[in-house]
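> Here you go, sequence then predicted model.
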Amino acid sequence: MQLTEKQLDLLKEIGNIGTGNAATALSTLTGKRIEITVPSAKMVPIERIIFMFEQPEDIVIGIRMTVKGDIDLDVLLVLDRKAGKKILTDLLGSPCEDITQLDEMSSSALREIGNIMCGSYITALAEFTQLYLDPLPPELSIDMLVAIVSEAVLSRADYEDDAIFVETELSVEDVKSATSQMFLIPGRGSLEKVFSRVGA
């Protein structure tokens, strides 16, 4: 599906609203000033997602939230190893040595960060479109990027050929902390419903 500039701008605007809400929630949670910006939003063929990363076999953090309701949607948040460590260190105040050996507190914190970031985008999308969206609890995976992306795609038999890629940059106390990648994997026909609701 080829999106127009207006449609991409709309997705980016929804991203800006969602990340603004996420930044407020994370600031409240941590007591630190957090800002999240959305430098870009674009369509990516699903089979090309892994090629957007220099090392597809690197171990990364994946947080996936499945959405049911008026449309079907999977939201996948990907943090590379360095970003995951930095976020945990900045937000929790304790250094993270190895993301493959997380304690329960660190795992819960990552799940909550994913819940806030993915959930805020979904809430913004619901408010923008007036669609009923029902997100399920987030699933945390720490694995090779190629495995996490494959699982996210294979679990949805009926999806669009393209995903929406939303890049986000997170800053803590005015210091850039991490860049994360969010992918919206829409069910068949879901994007048409979104754009018809907002006249795009």
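Noted; the coordinates are in hand.

> contacts and neighbour counts: CA atoms only from here.
Will do.

> Excluding chain neighbours, what is closest to Leu170?
Closest residue to Leu170 apart from its sequence neighbours, by Cα to Cα, 6 or more residues apart in numbering: Ile36 at 4.5 Å.

> now do Lys176
Closest residue in space to Lys176, ignoring its immediate chain neighbours: Leu170 at 6.1 Å, by Cα to Cα, 6+ apart.

> residues near the one you found, how many?
Leu170 has 20 neighbouring residues, counting by other Cα atoms under 10 Å.

> Check which helix or strand it maps to.
Taking DSSP states H and E as the definition, one finds Leu170 inside strand 162-172.

> Val60 versus the residue nearest to Leu170, what's the distance?
In this view, Ile36 and Val60 are 20 Å apart by Cα to Cα, to the nearest Å.

> which residues of the protein fall in strands?
34-45, 59-69, 73-80, 133-135, 139-144, 162-172, 175-186 (DSSP state E).

> As JSON lines, these with distance to Ile99 and mean pLDDT would be great.
Listed next are these as JSON lines, based on distance: least, Cα to Cα, whole Å; pLDDT from 0 to 100:
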{"stretch": "strand 34-45", "distance to Ile99": "22", "mean pLDDT": "81"}
{"stretch": "strand 59-69", "distance to Ile99": "8", "mean pLDDT": "90"}
{"stretch": "strand 73-80", "distance to Ile99": "10", "mean pLDDT": "88"}
{"stretch": "strand 133-135", "distance to Ile99": "26", "mean pLDDT": "92"}
{"stretch": "strand 139-144", "distance to Ile99": "8", "mean pLDDT": "90"}
{"stretch": "strand 162-172", "distance to Ile99": "19", "mean pLDDT": "83"}
{"stretch": "strand 175-186", "distance to Ile99": "15", "mean pLDDT": "80"}
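
> tell me the most buried of those?
A comparison of the strands of the chain by mean neighbour count, using mean count of other Cα atoms under 10 Å, puts strand 73-80 on top with a mean of 24.

> Packing partners of it?
Counting contacts by 3 or more Cα pairs under 8 Å, 6 or more residues apart in numbering; DSSP states H and E, strand 73-80 is packed against strand 59-69, helix 104-129, strand 175-186.

> out of those, which comes closest to Ile164?
With Cα to Cα as the criterion, Ile164 lies closest to strand 175-186 of the helices and strands packed on strand 73-80, at 5.0 Å.

> residues making contact with that closest one?
72-80, 83, 86-87, 90, 153, 159-160, 162-171 (Cα atoms under 8 Å, 6 or more residues apart in numbering).
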